[in-house]
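Student: Prediction below, plus the sequence it came from.
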Amino acid sequence: MEFYSLNKVAKMELPGVVSHQLIGKNNVPEGNYNFTDVTVQPGAVQPRHSHEFSEQTWYCVSGTGVLLLKDDTERVFLPGDIARFEKGDIHGMVNRSEEPIRYITITCPRTDFSGNYDKIIEAEK
């Protein structure tokens with residue numbers, strides 16, 4: 001069994017977006033997936049993007065967001081909703097509400113997200 005506290009995981013940031021890499025290369029180097037807790041503040045955007053070699057599943061924990069999908073389409077994302085993106089699917093998030101939205105993602109196989117964020121804070125050893 002392994003146990004990790006929040007100060008032992010990597011944190012990635014964009015303006016108004018914080019992603020805690022709960023399981024990733026920093027704390028489980030031999031693992032084959034990422035498990036990430038993402039919070040998007042009101043007015044913030046995670047731009048549309050895709051993962052060439054990985055599928056990703058998002059689970060909305062709290063708040064209301066809008067999924068940014070291919071062809072400039074959008075879909076409301078509410079607590080309890082699950083969105084699964086196959087490899088290559090375009091996806092992103094915008095928060096047009098007054099409250100933060102929080103969702104959990106699982107990415108398999110593991111992907112290096114460092115190019116998608118402005119700031120990376122490595123996990124404590």
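Tutor: Okay, I see it. Given the structure is predicted, the values throughout are model-derived calculations rather than measurements.
Student: what sits opposite T57 in the beta ladder?
Tutor: R84, I106 (DSSP bridges).
Student: Contacts only, for it.
Tutor: Contact analysis of T57 by Cβ atoms under 8 Å, 6 or more residues apart in numbering lists I82, A83, R84, F85, T105, I106. From N, CA and C alone the C-beta is placed, and that goes for glycine too.
Student: repeat for K87
Tutor: S50, H51, E52, F53, S54, E55.
Student: Buried only: go through these for me.
Tutor: H51, S54, E55 (16 or more other Cβ atoms under 10 Å).
Student: pLDDT score assigned to the closest residue to the second one other than its chain neighbours?
Tutor: For S54, ignoring the flanking residues on the chain, the nearest one in space by Cβ to Cβ, 6 or more residues apart in numbering is T111 at 4.6 Å. Model confidence at T111, expressed as pLDDT, equals 84.
Student: Any chance of the contacts of K87 in TSV with distance to S97 as columns?
Tutor: Formatted as TSV, the contacts of K87 follow (distance: Cβ to Cβ, whole Å):
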residue	distance to S97
S50	25
H51	26
E52	31
F53	32
S54	28
E55	27
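Student: Which ones among those residues lie within strands?
Tutor: Residues of the contacts of K87 located in strands (DSSP state E): E55.
Student: Including distance to S19 and pLDDT, could the contacts of K87 go into CSV?
Tutor: Shown next, in CSV, are those (distance: Cβ to Cβ, whole Å; pLDDT from 0 to 100):
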residue, distance to S19, pLDDT
S50, 17, 92
H51, 14, 91
E52, 19, 91
F53, 19, 93
S54, 15, 95
E55, 18, 97
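Student: Relative to V38, which of the contacts of K87 is nearest.
Tutor: Within these, distances to V38 taken as Cβ to Cβ reach their minimum at H51, with 14.5 Å.
Student: E99 versus the closest one, what's the distance?
Tutor: 28 Å (Cβ to Cβ, to the nearest Å).
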